[in-house]
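Asker: My questions concern the predicted model and sequence given below.
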Amino acid sequence: DGGITQSPKYLFRKEGQNVTLSCEQNLNHDAMYWYRQDPGQGLRLIYYSQIVNDFQKGDIAEGYSVSREKKESFPLTVTSAQKNPTAFYLCASHVGVGVNEQFFGPGTRLTVL
Amino acid sequence: SQQGEEDPQALSIQEGENATMNCSYKTSINNLQWYRQNSGRGLVHLILIRSNEREKHSGRLRVTLDTSKKSSSLLITASRAADTASYFCATDLSGGYQKVTFGTGTKLQVIP
């Protein structure tokens, strides 16, 4: 089955700790994205990558970091500098060329204790 | 601020009725997309309408786009309980690598 997987589904973190969220896709898509969703809100773009070894900041990149060493993988690290990290995090991918839909993973719910 | 704003924020209807949700945006777009999100899940793409299109259909979905008013509407006909979800519009300014901007969503409840 082709698709996007995110792990873990639920994640708990103590204040002051860094944590890494996993996102893997086997759709052979060039572009990948990380979004944050807060309760009752839309999605806000954290980072996106159009190609391996390249990524750009989105609208709310402060306190987050990413890497894109492989086409299939786009992990997101939530650092201790992120002031309010508790949220639902969604990863998505896009074929990279032309007008097409984004495909989303099932999400990771991060709770800071 | 968000590029797209959906209206209403919440909508509750009886099964079989039609549901209409609206999206307004601020700047010129290349295309507009509608997505659906079941509670606690990822988003699923429903339909895309390009800036040079005025109306598009897909099954029980009908989308309209009025670029002069910078608005779009999503109509779900003959709603079912399984349509209960949040619906988001997403505007794409570039038409290239899809750096889209999502609205705040309409939460639809369809009562059996």
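Answerer: Now that the structure is in, tell me what you want to look at. Residues are numbered from 1 along each chain as shown, chains lettered A, B, ... in the order given.
Asker: Which residue, other than its chain neighbours, is closest to A:Leu7?
Answerer: If you look again at residue A:7, you'll see it is Ser, not Leu. Leaving aside its sequence neighbours, A:Ser7 sits nearest to A:Ser22 (Cβ to Cβ, 6 or more residues apart in numbering or on different chains; 4.7 Å). For every residue, glycine as well, the C-beta is placed using N, CA and C.
Asker: Go ahead and confirm B:Gln9 touches B:Phe88.
Answerer: No. Using Cβ atoms under 8 Å, B:Gln9 is not in contact with B:Phe88, being 11.9 Å away.
Asker: rewinding a little: tell me the SS of the residue nearest to A:Ser7?
Answerer: Three-state call for A:Ser22 (DSSP: H, G, I helix; E, B strand; the rest coil): strand.
Asker: I'd like to know how many residues surround it.
Answerer: Number of residues near A:Ser22 (other Cβ atoms under 10 Å in any protein chain shown) recorded here: 15.
Asker: That one touches A:Gln6, doesn't it?
Answerer: Yes. Counting by Cβ under 8 Å, A:Ser22 touches A:Gln6, with 6.4 Å between them.
Asker: Pull up the gap between the residue nearest the centre of chain A and A:Phe104, please.
Answerer: With distances taken as Cα atoms, centre = their mean, A:Trp34 lies nearest the centre of chain A, 2.9 Å away. According to Cβ to Cβ, to the nearest Å, A:Trp34 stands 11 Å off from A:Phe104.
Asker: Check the contact lists of the two and give me the overlap.
Answerer: Residues touching both A:Trp34 and A:Phe104 by Cβ atoms under 8 Å, 6 or more residues apart in numbering or on different chains: A:Leu90, A:Cys91.
Asker: residues in contact with the residue nearest to A:Ser7?
Answerer: Residues in contact with A:Ser22, defined by Cβ under 8 Å, 6+ apart, are A:Thr5, A:Gln6, A:Ser7, A:Pro8, A:Ser73, A:Pro75.
Asker: By neighbours, which of those residues wins?
Answerer: Using other Cβ under 10 Å as the neighbour test, the contacts of A:Ser22 are led by A:Gln6, with 21 neighbours.
Asker: Tell me which helix or strand it sits in.
Answerer: strand A:4-7 (DSSP states H and E).
Asker: Just the C-alphas of that strand, formatted as CSV.
Answerer: Taking C-alpha atoms only, strand A:4-7 is exported to CSV below (Å, rounded to 0.1, in the frame of the first residue of the first chain):
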residue,chain,number,x,y,z
ILE,A,4,2.4,8.3,4.5
THR,A,5,3.1,7.0,7.9
GLN,A,6,3.7,9.0,11.1
SER,A,7,4.9,7.7,14.4
